[in-house]
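Enquirer: Any chance you could fold what I've pasted below:
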Amino acid sequence: MNTCQTTYTEKIRQEIKQTPEEYLPILLEMIHLFRQSIALKPADESFRQGWTEAMEGDTRPVPELWTGIDA
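Expert: Predicted coordinates:
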């Protein structure tokens, strides 16, 4: 996760911590609806972007990709 993503993730966590318990179900529903409304890039465009990043050396070691994932 890059620094910008980490900063946003931390800000989101702080906002959630400050949300009263009784509003958490509504917040969860808002987040779910927001995620559903986001249009994902078409597969070919996503592949092209990933290929370009890989060719430019914009990669990360595999172990780093698992950092923060509790699997």
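Enquirer: neighbours around P61, how many?
Expert: Burial measure for P61: 8 neighbouring residues, criterion other CB atoms under 10 Å. In this view, the C-beta of every residue, glycine as well, is placed from N, C-alpha and C.
Enquirer: actually A43, not the one I typed
Expert: Using other CB under 10 Å, A43 has 8 other residues around it.
Enquirer: What does the pLDDT read for it?
Expert: The model reports A43 with a pLDDT of 89.
Enquirer: ok, it to T9 distance?
Expert: With distances taken as CB to CB, to the nearest Å, A43 is found 26 Å from T9.
Enquirer: how near is I69 to V62?
Expert: Between I69 and V62 the distance is 12 Å, computed by CB to CB.
Enquirer: Show residues contacting the helix or strand hosting E29.
Expert: For E29, the host element (DSSP states H and E) is helix 24-37. Residues from elsewhere that reach helix 24-37 (CB atoms under 8 Å, 6 or more residues apart in numbering): I16, T19.
Enquirer: Give me the pLDDT value at the residue of the chain positioned farthest from its centre.
Expert: Within the chain, the residue lying farthest from the chain centre (CA atoms, centre = their mean) is E22, at 25.2 Å. pLDDT, E22: 97.
Enquirer: The one 3 residues further on too?
Expert: Looking at P25, its pLDDT stands at 95.
Enquirer: Count the neighbours of it for me.
Expert: Counted with other CB under 10 Å, the neighbours of P25 add up to 9.
Enquirer: Give me the distance between it and I31.
Expert: Per CB to CB, P25 is found 11 Å from I31.
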